[in-house]
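A.B. asks: Structure, please.
(4 chains)
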There are 2 protein chains.
Amino acid sequence: MYANFSETIINRLSIYMHYLIEQEEQGKQLVSSYDIAQVCGVTAGLVRKDLARFGKFGVKGVGYDVAELCEGIKRILGLDHPLRVAIIGIGTLGSYLLSFQEFFNGNYEIVAVFDTNPEAAITCIASETGKPVNILHLNHLGEVHEAHQIDIAMITTIPSEAQEATDHVVQVGIRGILNFTSSHVKVPMGFVVKNIHFVNVQDSLIYVLQFSQYG
Amino acid sequence: MYANFSETIINRLSIYMHYLIEQEEQGKQLVSSYDIAQVCGVTAGLVRKDLARFGKFGVKGVGYDVAELCEGIKRILGLDHPLRVAIIGIGTLGSYLLSFQEFFNGNYEIVAVFDTNPEAAITCIASETGKPVNILHLNHLGEVHEAHQIDIAMITTIPSEAQEATDHVVQVGIRGILNFTSSHVKVPMGFVVKNIHFVNVQDSLIYVLQFSQYG
DNA sequence: GGATGTGAAGTCGTTCACAGCT
DNA sequence: AGCTGTGAACGACTTCACATCC
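C.D. replies: The predicted model follows:
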């Protein structure tokens, strides 16, 4: 296993990987650090440094084999086997996540959707995606986790219910949590939460715009 | 205006600010760097350093006035006046963004929604939010921008149409772009793109989970 | 020739400890 | 006593330049 590197570096590896997946789908076999750098918005030297931390993936004078490097990064990230995801709370956001499974590039699988009011939700989903989706009451989270070993729970409830939903997730022993709500949630040691708040990105965009005026 | 600080720092200011807005709504008047630090997941010293870069906001021995600090950060970020947003492409993601206007805490206003197929979209939206929403053909983007001075365009089309939509946005002169699609988009100098790809966060969550086993 | 891998240098971000104000 | 503001020490990240290999 690869020692504990910083989130900054790991996040870039993820970006590189998704670029490589794209290239692989388009049939490209070889890329250079310059190719990766340009698309991902970093310098070529940094790409090489990032990769060199984890081993030697390239061939001097030639570049990187797309499929090989992609597999290498997947191994580093822990994405070399399929990962199971549960969605907790099925409003507009939950149904969006369901409909965009293609985002996941095959690494993730949504195994179940939970809500405290599953009947009301079913109509919503059916009209959105056209797919039949199994929506279960949150009480069944434990059984499903026992049966399928869920890696990540996505919290997509309304903000005021986020902590309660998270407590439930923690209680059944799912250790990875993606919090899409605007509330902060707390978990005990050994569990990991990552927040996805696009508003912060939006705010920093506004900040940068102040300094990028023409002239 | 406040000189060009790094995205890391600006992103934290945004996180602090949203915490302060929450506290203000709950009637709290005073916070310490320790309060902010605990909720936002950083150290108290870092909070003070971050703020000190931009001026003196607190009172020694006392703490920070919530409303005052909140206003201060808004001024730094450029959020001290309402900002106008357009949504380009109205599928499940676009309708989610519409329905979550409360996320924005009053700083942002969605002035219009555009699509290349507005008729098809209208039904989708109406059933989602229950609100009447004006969906216009993308051809009208220029007029609306003239009339309302749009600050940010959110690209929420299907990935294969992202670049085309972005080109349109650039052409009418909207300089801030939030790209929610999985495609990379290119813009000329003077324009700013920020990507919102939760998959990268999800990937890094998986990485971290490898090292947080019990025991 | 062309691209990687890497030490060394340089920059940037964070922690620490404490002086100073209330 | 409590909490901010800040220089100094520390550590992490990034760039640079070049030796190295295909």
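A.B. asks: what's the distance between A:Phe180 and DNA strand D?
C.D. replies: The gap separating A:Phe180 from DNA strand D is 26 Å, by Cβ to the nearest atom of the strand, to the nearest Å. Where you see a C-beta, it was placed from the backbone N, CA and C, and this is true even at glycine.
A.B. asks: close enough to count as contact, that residue and A:Ile158?
C.D. replies: No - A:Phe180 is beyond contact range of A:Ile158, at 10.9 Å (criterion: Cβ atoms under 8 Å).
A.B. asks: between those two, which one's more packed in?
C.D. replies: A:Phe180 (22 against 15; other Cβ atoms under 10 Å in any protein chain shown).
A.B. asks: where does that one land on pLDDT?
C.D. replies: The model reports A:Phe180 with a pLDDT of 94.
A.B. asks: quick check, distance from the top strand by length along chain A to the centre of its chain.
C.D. replies: Taking DSSP state E as the criterion, chain A has its longest strand at strand A:108-115. Per Cα atoms, centre = their mean, to the nearest Å, the displacement of strand A:108-115 from the mean C-alpha position of its chain is 14 Å.
A.B. asks: do stretch A:81-98 as well
C.D. replies: On Cα atoms, centre = their mean, the centre of stretch A:81-98 falls 11 Å from that of its chain.
A.B. asks: So is that stretch next to chain B?
C.D. replies: Yes - Stretch A:81-98 is in contact with chain B by Cβ under 8 Å from any Cβ of the partner chain, via A:83, A:91-93, A:95-96.
A.B. asks: buried set for that stretch?
C.D. replies: Of the residues in stretch A:81-98, those with enough neighbours to count as buried (16 or more other Cβ atoms under 10 Å in any protein chain shown) are A:83-98.
A.B. asks: The residues you listed in strands, which ones?
C.D. replies: In strands, defined here by DSSP E, the members of the buried residues of stretch A:81-98 are A:83-88.
A.B. asks: Show me which residues of chain A sit near DNA strand D.
C.D. replies: Selection of chain A residues close to DNA strand D by Cβ under 7 Å from any atom of the strand yields A:5-6, A:8-9, A:42-43, A:45-46, A:49, A:59-62.
A.B. asks: Pick out the residue of chain A closest to DNA strand C.
C.D. replies: Nearest residue of chain A to DNA strand C: A:Gly61, at 2.1 Å (Cβ to the nearest atom of the strand).
A.B. asks: and that residue, backbone torsions?
C.D. replies: phi 80, psi -10 (degrees, to the nearest 10).
A.B. asks: now do A:His137
C.D. replies: phi -70, psi 150.
A.B. asks: check contacts around the closest residue to A:Ile206 other than its chain neighbours.
C.D. replies: Among residues not flanking A:Ile206 along the chain, B:Gly78 sits closest, at 4.7 Å (Cβ to Cβ, 6 or more residues apart in numbering or on different chains). When contacts are counted by Cβ atoms under 8 Å, 6 or more residues apart in numbering or on different chains, B:Gly78 touches A:206-207, A:209-210.
A.B. asks: any chance of these in TSV, plus neighbour count?
C.D. replies: Conversion of those to TSV gives the following (neighbours: other Cβ atoms under 10 Å in any protein chain shown):
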residue	neighbour count
A:Ile206	21
A:Tyr207	23
A:Leu209	18
A:Gln210	13
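A.B. asks: ends of stretch A:80-99, how far apart?
C.D. replies: One end of stretch A:80-99 sits 24 Å from the other (Cα to Cα, to the nearest Å).
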